[in-house]
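Colleague: would you be able to build a 3D model of this:
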Amino acid sequence: MREHTEHTSQAGNTPSATETDLGTTLLRQAATALEEEHAETAAFSLVRQALAIRQTPAPQELAELTDSLLTHCASLAVGVQTIPARQRPARGAGALRDWAQLQADGPADGPLGPWSYARQLALVARNMLQAICDHRGAALERAAYVGRPSLPPLAPSSR
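Modeller: Sure thing, here's the model as predicted:
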């Protein structure tokens, strides 16, 4: 980390201010977190929209919905796969299995095939999102306690 010191003079006083360069690593981490949050919010919104459909939509609308769901499922699958297997929630493992099956099978033939496929994609995306949120919540619970040598850990409420 680089530090820059700047001296200014105001009414005879010479206070010094220290500026700290955050560096590109911290900025990338912040940007990545914002992008992930935005992507998760967009995926959740699309899943809610897809699961709320009660009648078969127009073919063009259904094609656009399916394309968006495929894109979200692909990115969410990467997120679930980054969770170590022993820490991965059962919902995440099942969602990855279902995602692989949907990719292999594609939409079924028949009038309801494409609509059912989009609905199944939405369910898989929802399960992936939930698995990611569950893992993140479990990690926060574990990180909430502060360890102190030779003393019991501090609970979040006691700080």
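Colleague: quick one: the strands in the protein?
Modeller: Read by DSSP state E, the chain holds these strands, from start to end of the chain: 3-7, 16-20, 146-148, 151-154.
Colleague: distance of residue 43 from residue 76?
Modeller: With the distance defined as CB to CB, to the nearest Å, residue 43 ends up 6 Å from residue 76. The way it works is simple: take the backbone N, C-alpha and C, and place the C-beta from them, glycine included.
Colleague: mind listing the shared neighbours of these two?
Modeller: Counting by CB atoms under 8 Å, 6 or more residues apart in numbering, the shared contacts of residue 43 and residue 76 are 125, 129.
Colleague: disregarding residues adjacent in the polypeptide, which is nearest to residue 63?
Modeller: residue 114 (7.8 Å; CB to CB, 6 or more residues apart in numbering).
Colleague: quick check: the one you found touching residue 64?
Modeller: No. Assessed by CB atoms under 8 Å, residue 114 is found out of contact with residue 64, at 11.7 Å.
Colleague: between those two, which is the more surrounded one?
Modeller: More neighbours surround residue 114 than the other of residue 114 and residue 64, with 20 against 13 (other CB atoms under 10 Å).
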